[in-house]
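In: Quick one, what's the 3D model for this:
(one chain, ligands or ions: 1)
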Amino acid sequence: MSNKLATITGVQGYVPEDILTNKDLEKMVDTNDEWIQSRTGIKERRILKGEGLAASDMGVEMVKGLLEKTNTKPEEVEMLLCATITGDMIFPDTANTICDKAGIKNAFGYDINAACSGFLYALTTGAKFIETGTYKKVIIIGLDFMSSILDYTDRTTCIIFGDGGGAVMLEPREDGTGVQDQVLKADGSGREFLHMKAGGSLRPPTAETVANNEHYVYQEGRTVFKHAVKSMASTVMEVMKRNNLTNDDIDWLVPHQANIRIIKSVASVCDFPMEKVVVNIEKYGNTTAGTLPLCLWDWEPRLKKGDKLLLTAFGGGFTWGTIYLVWGYDTPS
Ligand code: UT7
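Out: Have a look, this model is predicted:
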């Protein structure tokens with residue numbers, strides 16, 4: 001059997017230019033910078049503004065940068081998966097719109113709707129197509145345009161989320177680097193705690209659903225918080241156990257950026273010092289499917305070939321999981 005693994009050979013993030021600070025939010029809802037920072041760790045987030053712009057426009061920026069960085073021609077890409085809950089339209093999928101706008105003509109692809117765990121699900125799916133030898137160049141995107149589904153009169157949700165994400169290139173390698181293992185989970189009974197009430201076939205859009213603010217993110221924060229800590233920690237420990245890894249073996253824990261208190265709790269339960277935990281929530285807030293590739297993009301200069309990473313996330317569904325991967329390259333300084 002081949003020991004071919006799917007290795008990340010490049011990463012490119014994208015965040016819009018416009019910054020929404022906690023001070024800005026103080027003027028919009030009954031909140032304050034001190035509460036937001038102490039309860040979530042967020043200082044500011046990016047917001048996509050501009051007539052006619054959509055999720056795919058952020059995706060195209062990521063993909064163009066990634067193709068340049070990895071010296072790849074658009075026609076070489078064979079598959080593109082886009083993890084998002086804020087695609088341009090309910091259908092068709094945003095993955096194909098991105099391919100069209102980026103000049104990727106020889107690929108097929110589709111969107112993966114797994115909220116904050118979407119990047120884990122998409123990375124796992126793409127990796128299987130590489131491991132089996134089916135494809136040699138697969139792009140995995142995680143992005144969200146959260147400001148398009150936020151109620152900026154609801155202080156419990158609008159302060160948390162931001163726009164942005166990132167894309168990675170997956171290629172086969174036989175040097176021991178790449179995606180090693182994953183534990184992915186889902187529990188649909190969690191849907192009552194984090195969802196959008198209307199717009200789907202259950203409650204198609206009407207004047208009433210619009211008037212009732214049902215096209216925005218709905219979240220029961222405390223319940224989600226508790227499940228997030230427990231679920232991320234348990235899959236981190238499960239992946240470590242079945243790969244005979246100790247905490248000393250792991251170079252970086254890369255958690256979904258939903259709340260600094262969740263991140264610190266997961267690190268504490270799993271006994272990781274915060275020096276090994278990737279955190280950038282203060283700059284971008286929670287970009288849903290975008291947080292993990294944004295973390296990889298921010299940390300890329302610090303990552304070394306052979307570094308062992310655990311990527312973990314929890315989100316709407318509920319969905320959650322952890323991926324263990326070995327980093328594939330040193331970034332030229
Ligand atoms: O990424 C997808 C998964 N999502 C998550 O992982 C998010 C999980 N949940 C959370 O991060 C937190 O639950 C929140 C940040 C959403 C809320 O923080 P919390 O510490 O759980 O606050 P809480 O909901 O328990 O509310 C505490 C108090 C309440 O006031 P009372 O009832 O104690 O008087 C809220 O009304 O804080 C109030 N509050 C606020 N105050 C100022 C809620 N939001 C705000 C706000 N500014 N923005």
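In: What's the local residue count around the residue of the stretch 151-300 of the chain found nearest the ligand?
Out: Taking C-beta to the nearest ligand atom, the ligand has its nearest neighbour within the stretch 151-300 of the chain at Gly221, 2.7 Å off. To be clear about C-beta, it is placed using only N, CA and C from the backbone, and glycine gets the same treatment. Residues lying near Gly221 (other C-beta atoms under 10 Å) number 16.
In: Flag every residue of the stretch 151-300 of the chain that's near the ligand.
Out: With the criterion set to C-beta under 6 Å from any ligand atom, the stretch 151-300 of the chain comes near the ligand through 155-156, 159-160, 221-222, 224-225, 228, 258-259, 262, 286.
In: Swap in 5 Å and give it another go.
Out: 155-156, 159, 221-222, 224-225, 228, 258-259, 286 (C-beta under 5 Å from any ligand atom).
In: In JSON lines, list these along with distance to Lys197, pLDDT and secondary structure.
Out: Output for these, formatted as JSON lines (distance: C-beta to C-beta, whole Å; pLDDT from 0 to 100; DSSP: H, G, I helix; E, B strand; the rest coil):
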{"residue": "Arg155", "distance to Lys197": "19", "pLDDT": "98", "secondary structure": "helix"}
{"residue": "Thr156", "distance to Lys197": "15", "pLDDT": "97", "secondary structure": "helix"}
{"residue": "Ile159", "distance to Lys197": "20", "pLDDT": "98", "secondary structure": "coil"}
{"residue": "Gly221", "distance to Lys197": "16", "pLDDT": "97", "secondary structure": "helix"}
{"residue": "Arg222", "distance to Lys197": "19", "pLDDT": "97", "secondary structure": "helix"}
{"residue": "Val224", "distance to Lys197": "16", "pLDDT": "98", "secondary structure": "helix"}
{"residue": "Phe225", "distance to Lys197": "21", "pLDDT": "98", "secondary structure": "helix"}
{"residue": "Ala228", "distance to Lys197": "21", "pLDDT": "98", "secondary structure": "helix"}
{"residue": "Ala258", "distance to Lys197": "21", "pLDDT": "98", "secondary structure": "coil"}
{"residue": "Asn259", "distance to Lys197": "23", "pLDDT": "98", "secondary structure": "coil"}
{"residue": "Asn286", "distance to Lys197": "20", "pLDDT": "98", "secondary structure": "strand"}
